[in-house]
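Participant: with the sequence up front, the predicted model follows.
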Amino acid sequence: DAKTTQPPSMDCAEGRAANLPCNHSTISGNEYVYWYRQIHSQGPQYIIHGLKNNETNEMASLIITEDRKSSTLILPHATLRDTAVYYCIVRPLDMRFGAGTRLTVKP
Amino acid sequence: DTEVTQTPKHLVMGMTNKKSLKCEQHMGHRAMYWYKQKAKKPPELMFVYSYEKLSINESVPSRFSPECPNSSLLNLHLHALQPEDSALYLCASSQVDMGFRQNSPLHFGNGTRLTVT
């Protein structure tokens, strides 16, 4: 089974920040947290990853708690095109996807 | 567009057919993966190749036979499939550094949508 748990669905208003949580309470010391998203009928797309420090790139920010047992993906200004299923996985030891969060961005 | 190319995009096959799915990447990645995804479900890991050797087989039935002929290519040979094998088959690749520590993202293709009749 996947080592992560996420809420099944979330809504977000267009232009607002979308905060997607992920629990990974059994994460090991050398495992990274990765986030992907999948838009209908496409392959998953890499968003961001981190080990223990917060990370930011042009797509999103990743906040990892100090104990590394959970993380939050932040899309700072959600658009309708951000509607997708978002997955967090831990690697290298686990390449299995959990159920993910279906994010719906509404006008 | 993705850097991982999968062909064909769509495939319809009968239960007695033999077919192959192809995946190609030119990013120099030495780890390649097959996933299976049913509708409204997450991708399920099937196989992992590292340096062209099979390193993980998630107890996949023998009617699915993977092959990694070189560092850029990954095939999935299909034989005697069942209708319940109909799904989106996704290929991915990533870097592998020393000791199989994978600090690198998975790069996915857009998949082959397989229908078994």
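Facilitator: Structure's in. What do you need?
Participant: buried stuff in the helix or strand harbouring A:T104?
Facilitator: Secondary structure assigned from DSSP states H and E places A:T104 in strand A:101-106. Judged by neighbour count (16 or more other CB atoms under 10 Å in any protein chain shown), strand A:101-106 contains these buried residues: A:T101, A:R102, A:L103, A:V105. (Glycine included, C-beta is placed from N, CA and C.)
Participant: okay, now the sheet partners of it, with direction.
Facilitator: Strands adjacent to strand A:101-106 in the sheet, as given by DSSP bridges, are strand A:9-13 (parallel), strand A:84-91 (antiparallel).
Participant: of these, which shows the lowest average pLDDT?
Facilitator: Set side by side, the strands paired with strand A:101-106 give their lowest mean pLDDT on strand A:84-91, at a mean of 94.
Participant: and that strand, how far from the chain's centre?
Facilitator: Remark: strand A:84-91 is offset 5 Å from the chain centroid, using CA atoms, centre = their mean, to the nearest Å.
Participant: before we move on, what about stretch B:23-35?
Facilitator: That offset, for stretch B:23-35, works out to 9 Å (CA atoms, centre = their mean).
Participant: partner residues bridging B:M32?
Facilitator: B:Y49, B:S93.
Participant: I'd say it and B:Y49 touch.
Facilitator: Yes - under the contact definition of CB atoms under 8 Å, B:M32 touches B:Y49, with a separation of 4.7 Å.
Participant: who touches both of the two?
Facilitator: Shared contacts of B:M32 and B:Y49 (CB atoms under 8 Å, 6 or more residues apart in numbering or on different chains): B:C68, B:L74.
Participant: the two: who's more crowded?
Facilitator: Counted by other CB atoms under 10 Å in any protein chain shown, B:M32 and B:Y49 do not tie: B:M32 has more neighbours, with 27 against 21.
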